[in-house]
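Participant: Just the structure for this:
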Amino acid sequence: MRAAAAFWLSTAIVAGCAQIDAAAPPPPQPSDPVELGKRLLAQNRPDLALDAFERGISDVGGAEALTGAAVSLLKLGRGGEARRLLEAALARDPDLAVARNALGVYHYEAGRYAAALAEFRRADELTGGADPVIALNIGVAAAALEDRAGDKPKLDAFDYDVIQYGHGVYRLVPRAAETTREENSS
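Facilitator: A predicted model of the protein is given here:
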C-alpha cells in the first residue's frame, strides 16, 4: 500500500512539474540594457534599442553602450548625433572595431568616402581581416572614391543601401543587386 501511495504521489508531482513547465512564462528580458539593445537592433527596433542603450550609457557609460546608441541613431537617420557618440566611444576605446566600422558607415552615407575608407581599413586592421563584411565595406568605399575621381564608370545608378549584419556591423549593398536578388527569388 505504501509503495502504491508513493508511486501515485511521485506521478502527481512529475505531472505537476510538466504542467508548470508547459505554462512557464517566456524567459525574462536581459537585465543588461546593452544586451537588450543588441537584441532590439537585431529585431530591427532601433527606437527601442536606443532607449535601452541610453539606459546602458547612464548605468555603465562604456564604449559599447555608446556605440550601440550610435548605431541606433544611424538607423533612425540621425547621423550627426551618431557621429558624436561614435567619437565619444572611440575616445574611450580607440580599438573598438564595431565603432570604427559604424563611423565608416556614417562617413560613407555623408559622401565622405576617403574618411569612410580610412575607418573601414582601421576596423579591418583591428579584426585582423577576419570580417568579410568590413572587407566588402572597404571595396564599396574604395569604388565610390575612385568613381568620384573619375577613374571608374559612374556608380550613381546603383544607389547603395546600408544593411545591418549583427550588432554594429553594416554592409553597403547596391540597391540594383538587391532588386535583382529579390526578382530571382520570386
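Participant: tell me which residues of stretch 118-138 are tucked away?
Facilitator: 118-124, 126, 131, 133-134, 136-138 (16 or more other CB atoms under 10 Å). All C-beta spots, glycine's among them, are computed from the backbone N, C-alpha and C.
Participant: Output those residues in a markdown table; the columns should cover pLDDT.
Facilitator: Below are the buried residues of stretch 118-138 laid out as a markdown table (pLDDT from 0 to 100):
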| residue | pLDDT |
| --- | --- |
| A118 | 98 |
| E119 | 97 |
| F120 | 96 |
| R121 | 98 |
| R122 | 98 |
| A123 | 97 |
| D124 | 97 |
| L126 | 97 |
| D131 | 91 |
| V133 | 88 |
| I134 | 92 |
| L136 | 92 |
| N137 | 93 |
| I138 | 95 |
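Participant: quick one: which of those residues is nearest R39?
Facilitator: V133 (19.5 Å; CB to CB).
Participant: how near is the closest one to L36?
Facilitator: 23 Å (CB to CB, to the nearest Å).
Participant: how about TSV for the buried residues of stretch 118-138, with secondary structure and distance to L66 added?
Facilitator: TSV is the format used below for the buried residues of stretch 118-138 (DSSP: H, G, I helix; E, B strand; the rest coil; distance: CB to CB, whole Å):
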residue	secondary structure	distance to L66
A118	helix	20
E119	helix	16
F120	helix	20
R121	helix	22
R122	helix	17
A123	helix	16
D124	helix	21
L126	helix	17
D131	coil	20
V133	helix	21
I134	helix	20
L136	helix	25
N137	helix	21
I138	helix	24
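Participant: Can you tell me which of those is closest to A110?
Facilitator: For these, the nearest to A110 is E119 (11.8 Å; CB to CB).
Participant: burial of the closest residue to the closest one other than its chain neighbours, as a residue count?
Facilitator: Leaving aside its sequence neighbours, E119 sits nearest to G104 (CB to CB, 6 or more residues apart in numbering; 3.4 Å). For G104, the tally of surrounding residues (other CB atoms under 10 Å) stands at 29.
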